[in-house]
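**Student:** Below: sequence and its predicted model.
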Amino acid sequence: MFDERSATSQEAIMTRPVFRFAPSPNGKLHLGHAYSALLNQKMATEAGGRLLLRMEDIDHLRCTRENCAAALADLRWLGITFEEPVLYQNERLPAYRTAIARLMDRGLLYVCTCTRKQLSAIKSTAHDPEGQSLYPGTCRSKARVFDRNACLRLDLAKATSLAQMRGGSITWLEKDERVAADARAWGDVVIARKQIGTSYHLSVVVDDAEQGVTDIVRGEDLLHATAIHRLLQVLLGLPVPRYHHHALIRHDTGCKLSKSKADTSLDGLRREGTTAQDIRRMLGFPGSEI
Ligand code: GLU
Ligand code: ZN
């Protein structure tokens, strides 16, 4: 029999905004992570939305189980609750492979065998938004064998023209403003890293779609990367989330927290006697304790 109540609640779940916090547990979580997680929690609560957690642990050497467990403990200590289950990217390789195969089949990827040494010797005058020399496309038209010591790069010129043919100019909604996504600034980005088999850019778009994420709230260091994400979403036919890039919490010296010497790890602060409420107050979320 048709159960109206469950149909209604199903619909409510479908239409509720979905937020996510997606740390890369390659070390301890610090105040910057706490800010991002608390902002996600606040915005999800205000929007009547859901809040999910994803461990971006594709880098299996640096993102250990211990780091993941410590990150979960820190978030619990801060008083943030996420909907179960937690998604672990290291369990999602088959989904990434499928997406990569789709790009490959359309001739949008090529194998690059350049070594780190060769790449660092590139004296390019053009740089990507993160300040790295643009890859000159050395391997683009060569027949290279793909193995664990090679990576796959996106042929950006091909990819952008295909995407434009499909949907015109690519944009995204940043807070309330529509901005143009110009991925060309990145050159031929790596889509599958050596040894890893995927990349941050590829995994993030595949998983935001898998988790039904509608609202992405993250640090402004990823603002420019959004152009790549939008391009991949168009090429893979994935839904388009809204974006909100927030300012980064900086140390007194102005450097990014993760690079600062002072121990701003949540674990370090807790050991010194800082309470979760102190941290919330310090970061501007005073009333959000549970
Ligand atoms: N895992 C990324 C980081 O910790 C964030 C990914 C995202 O929010 O899109 O920097
Ligand atoms: Zn190469």
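**Tutor:** Ah, there it is. Ligands and ions are numbered 1, 2, ... in the order given.

**Student:** Pull up the residues of the stretch 1-150 of the chain that are close to ligand 2.
**Tutor:** Within reach of ligand 2 by CB under 5 Å from the ion, the stretch 1-150 of the chain has these residues: C112, C114, T138, C139. All C-beta spots, glycine's among them, are computed from the backbone N, C-alpha and C.

**Student:** Now do the contacts for the third one.
**Tutor:** By CB atoms under 8 Å, 6 or more residues apart in numbering, T138 lies in contact with C112, C114, Q118.

**Student:** What backbone torsions are found at R218?
**Tutor:** Backbone geometry at R218, expressed as degrees, to the nearest 10, gives phi -160, psi 170.

**Student:** who does it bridge with?
**Tutor:** Judged by DSSP bridges, the bridge partners of R218 are H245.

**Student:** Tell me how far it lies from K123.
**Tutor:** Taking CB to CB, to the nearest Å as the measure, R218 falls 33 Å from K123.

**Student:** who's more crowded, these two?
**Tutor:** R218 (21 against 7; other CB atoms under 10 Å).

**Student:** Any figure for the gap between the more buried one and ligand 2?
**Tutor:** Relative to ligand 2, R218 is positioned 30 Å away (CB to the ion, to the nearest Å).

**Student:** wouldn't that residue be in contact with Y35 here?
**Tutor:** No. Using CB atoms under 8 Å, R218 is not in contact with Y35; the gap is 10.7 Å.

**Student:** what touches both of those two?
**Tutor:** H246.

**Student:** Now intersect the contacts of T138 with the helices, please.
**Tutor:** Among the contacts of T138, the members found in helices (DSSP state H) are Q118.

**Student:** out of the contacts of T138, which one sits closest to ligand 1?
**Tutor:** C112 (23.2 Å; CB to the nearest ligand atom).

**Student:** what bridges to that closest one?
**Tutor:** C112 forms beta bridges with C151, as assigned by DSSP bridges.

**Student:** ok, now which ones touch it?
**Tutor:** The neighbours of C112, taking CB under 8 Å, 6+ apart as the test, are Y135, T138, C139, R144, A150, C151, L152, R153, D188, V190.

**Student:** if you skip the residues just before and after it, what's nearest to V206?
**Tutor:** In space, and not counting its chain neighbours, V206 is closest to A99: 5.1 Å by CB to CB, 6 or more residues apart in numbering.

**Student:** That neighbour and ligand 1, how far apart?
**Tutor:** Using CB to the nearest ligand atom, to the nearest Å, A99 is found at 16 Å from ligand 1.

**Student:** what's the strand or helix carrying that residue in contact with?
**Tutor:** According to DSSP states H and E, A99 maps onto helix 93-105. Applying CB under 8 Å, 6+ apart, the contact partners of helix 93-105 are 109, 152, 154, 159, 191-192, 197-198, 202-203, 206-207, 210, 235-236.

**Student:** then it to CSV, C-alphas only?
**Tutor:** This file holds the C-alpha atoms of helix 93-105, laid out as CSV (Å, rounded to 0.1, in the frame of the first residue of the first chain):
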residue,chain,number,x,y,z
LEU,A,93,38.7,3.5,-6.1
PRO,A,94,36.3,1.6,-8.4
ALA,A,95,34.1,4.6,-8.8
TYR,A,96,37.1,6.8,-9.6
ARG,A,97,38.3,4.3,-12.2
THR,A,98,34.9,4.3,-13.9
ALA,A,99,34.9,8.1,-14.1
ILE,A,100,38.5,8.1,-15.4
ALA,A,101,37.6,5.5,-18.0
ARG,A,102,34.7,7.7,-19.2
LEU,A,103,37.2,10.6,-19.7
MET,A,104,39.7,8.3,-21.3
ASP,A,105,37.2,6.9,-23.8
